[in-house]
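J.: Next input, structure requested:
(one chain, ligands or ions: 1)
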Amino acid sequence: MTESVLVAGGGIGGLAAAFALAREGVPVTLLEQAKAFGEVGAGLQLGPNAVRVLESWGLSPALHACAAFPEEIRARDAHSARLLGRLRLGPMIRARYGEPYATVHRVDLHNLLLEAARTQPGVQLRLGERVASYEEQVDGVRLVLESEEVLHGQALLGCDGLWSRVRSQMLGAVPVRSSGHLAYRGLVPTDELPAALARPVVTVWLGPRLHVVHYPVRSGEYFNVVAVVEGVLGQGHGGDVGSDPQSWTHQAHAHDLRRALGPACDDLVRMIEAVPEWKLWPLNDRPPVSGPHEHAQGRVALLGDAAHPLRPYLAQGAAMAIEDAWTIGRLVAGRRGAAPGGIGWQGVFEAYARTRWARNAQVQQRSARNGTIFHADGLLRQGRNVALALLGERLMDNAWLYSGPPDPVASAL
Ligand SMILES: Cc1cc2nc3c(=O)[nH]c(=O)nc-3n(C[C@H](O)[C@H](O)[C@H](O)COP(=O)(O)OP(=O)(O)OC[C@H]3O[C@@H](n4cnc5c(N)ncnc54)[C@H](O)[C@@H]3O)c2cc1C
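T.: Numbering: from 1, shown residues only. Just a heads-up that it's a prediction; the model follows:
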């Protein structure tokens with residue numbers, strides 16, 4: 001039996017999964033709806049948990065060639081510019097977790113995984129192919145594309161993102177949950193920033209009903225700037241009412257953002273004004289995963305945003321997709337030597353779902369909670385600032401998260 005595992009979606013999660021499977025000798029056919037892998041997206045943060053996976057895959061040199069490694073995370077007040085708290089990264093985070101904290105352009109991380117997957121024998125990448133539906137059979141999965149072509153595989157991984165078709169078929173077509181938040185994002189060349197803002201630091205500006213995050217990407221040559229405000233696309237915020245809700249690239253206007261920010265300190269205004277062009281993206285998620293059945297059923301599993309879409313306030317969307325992929329690879333490696341066709345995909349996916357669901361749910365919960373804390377006003381805001389002043393680093397560090405991913409093989413012993 002030489003049938004591949006079918007992977008729906010070629011984002012960070014799909015490519016990571018294709019790579020993780022192929023390096024264990026499993027043939028993979030990946031279907032991506034886009035006609036070409038494009039230059040879409042901006043910055044992503046990778047905690048030591050995600051960097052650990054890339055390191056274990058031998059991809060550290062490629063990461064070091066394109067990422068930045070900031071010295072610290074600083075939380076500052078968007079109005080007064082006051083430093084509220086900081087988490088040292090650099091040598092401190094390496095000493096604590098054995099891996100650095102990286103910031104990277106989504107396109108660079110995507111390219112890195114694309115090259116890694118392409119160079120594995122047994123990976124077939126098919127672009128311009130949209131998955132329509134699947135049917136689980138006794139000995140495999142039958143997949144139907146929108147072109148009406150039918151493919152067969154031993155198993156199916158739905159890595160098709162927030163609006164996943166595989167998820168809808170597995171769990172029912174439940175609409176995504178709107179956060180009521182909009183993300184303005186842009187890139188600015190580092191050499192166009194004032195020196196005080198060009199330092200290799202992740203800065204999080206906190207203000208009532210808004211926050212702004214900026215950090216270096218592309219080996220420090222650019223800064224990624226994301227401003228999250230409360231509002232609705234088209235109503236005072238670029239885009240058009242009724243325009244494609246799935247788009248990551250709605251047109252945005254700097255004057256709408258300035259109005260939404262209201263009074264802001266000079267450093268923050270300087271950073272916002274340095275960005276030459278903004279894109280807009282409405283933030284949606286889903287309630288946290290409620291059990292392993294939401295991660296996998298039979299020979300079909302969900303991975304990344306298809307399984308656990310989250311708000312980006314813990315900066316772990318890409319990291320969790322990479323951890324998911326690593327977990328599946330690790331479980332397959334544990335069955336090396338099984339006869340072809342004898343990997344036992346149901347067993348692999350059951351163990352995968354058991355290992356991943358609670359951690360992913362916790363990251364979803366914490367991400368949503370961070371949004372409330374970041375945007376706090378009144379008493380909650382005062383309480384947050386006091387807690388940051390008193391606990392600072394202890395509050396901003398996440399040992400439970402950064403020491404991951406949990407090893408599914410070790411936990412089964
Ligand atoms: C274009 C784009 C830009 C992004 N920009 C940012 C950003 O700037 N900052 C940030 O923090 N996060 C960004 N993200 C989200 C981030 O990449 C993800 O949250 C995270 O990496 C998890 O990735 P994923 O592979 O699970 O999902 P996604 O990255 O959403 O990838 C899903 C993939 O599946 C494909 N797909 C969807 N439906 C089908 C189908 N029926 N058949 C075949 N293929 C299908 C999509 O085209 C996409 O390539 C972006 C995602 C996309 C798709």
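J.: For the ligand, what's the nearest residue on the stretch 51-200 of the chain?
T.: Residue of the stretch 51-200 of the chain nearest the ligand, by CB to the nearest ligand atom: residue 161 (2.8 Å). Where C-beta positions appear, they are placed from N, C-alpha and C, glycine not excepted.
J.: Pull the contacting residues for that residue.
T.: For residue 161, the contacting residues are 9, 11, 13, 304, 305, 306, 309, taking CB atoms under 8 Å, 6 or more residues apart in numbering as the criterion.
J.: where does the protein come near the ligand, residue by residue?
T.: In this structure, the chain approaches the ligand at residues 8-14, 31-34, 40-42, 44, 106, 130-131, 159-162, 165, 185, 248, 304-306, 312, 317-318, 321, judged by CB under 6 Å from any ligand atom.
J.: rerun that using 5 Å as the cut-off
T.: Proximity of the chain to the ligand, by CB under 5 Å from any ligand atom, involves residues 9, 11-13, 32-34, 40-42, 44, 106, 130-131, 160-161, 165, 248, 304-305, 312, 317-318, 321.
J.: What distance do you get for the residue of the stretch 51-200 of the chain closest to the ligand to residue 91?
T.: Relative to residue 91, residue 161 is positioned 36 Å away (CB to CB, to the nearest Å).
J.: With residue 218 instead?
T.: Applying CB to CB, the value for residue 218 to residue 91 is 23 Å.
J.: Check residue 114 too.
T.: 31 Å.
J.: what does residue 28 give?
T.: From residue 28 across to residue 91, the span is 38 Å (CB to CB).
J.: who's more crowded, these two?
T.: For residue 28 versus residue 91, neighbours defined as other CB atoms under 10 Å are more numerous around residue 28 (23 against 10).
J.: So what sits opposite the more buried one in the bridge?
T.: residue 5, residue 123 (DSSP bridges).
J.: The lengthiest strand in the chain: partners in the sheet, and parallel or antiparallel?
T.: Residue-count comparison of every strand in the chain, with assignments taken from DSSP state E, identifies strand 177-189 as the longest. Using DSSP bridges, the strands paired with strand 177-189 are strand 222-230 (antiparallel), strand 279-285 (antiparallel).
J.: Poorly predicted segments of the stretch 151-300 of the chain, please.
T.: 239-243, 245 (pLDDT under 70).
J.: which stretches of it form helices?
T.: In the stretch 151-300 of the chain, the helices defined using DSSP state H, counting those that start in this stretch lie at 165-171, 254-261, 266-274.
J.: closest to residue 408 out of those?
T.: Between residue 408 and the helices of the stretch 151-300 of the chain, the shortest gap by CB to CB is with helix 165-171, which sits at 20.8 Å.
J.: Could you tell me which residues within the closest one count as buried?
T.: The neighbour-count check on helix 165-171 (16 or more other CB atoms under 10 Å) flags 165, 166, 167, 169, 170 as buried.
J.: Does the first one touch residue 132 like I think?
T.: The reference is to residue 165. Yes. Under the criterion of CB atoms under 8 Å, residue 165 is in contact with residue 132, at a separation of 6.9 Å.
J.: Nearest to the ligand: which residue in the stretch 201-350 of the chain?
T.: Taking CB to the nearest ligand atom, the stretch 201-350 of the chain has residue 304 as its residue nearest the ligand, at 2.2 Å.
J.: What is the burial count for the closest residue to that residue other than its chain neighbours?
T.: When the adjacent residues along the chain are set aside, residue 304 lies closest to residue 13, with 2.8 Å between them (CB to CB, 6 or more residues apart in numbering). As a burial measure, the neighbour count of residue 13 was computed by other CB under 10 Å and equals 30.
J.: picking up where we left off before, please identify the deepest-packed of the helices of the stretch 151-300 of the chain.
T.: Most buried of those by mean neighbour count (mean count of other CB atoms under 10 Å) is helix 165-171; its value is a mean of 20.
J.: Many thanks, have a good one.
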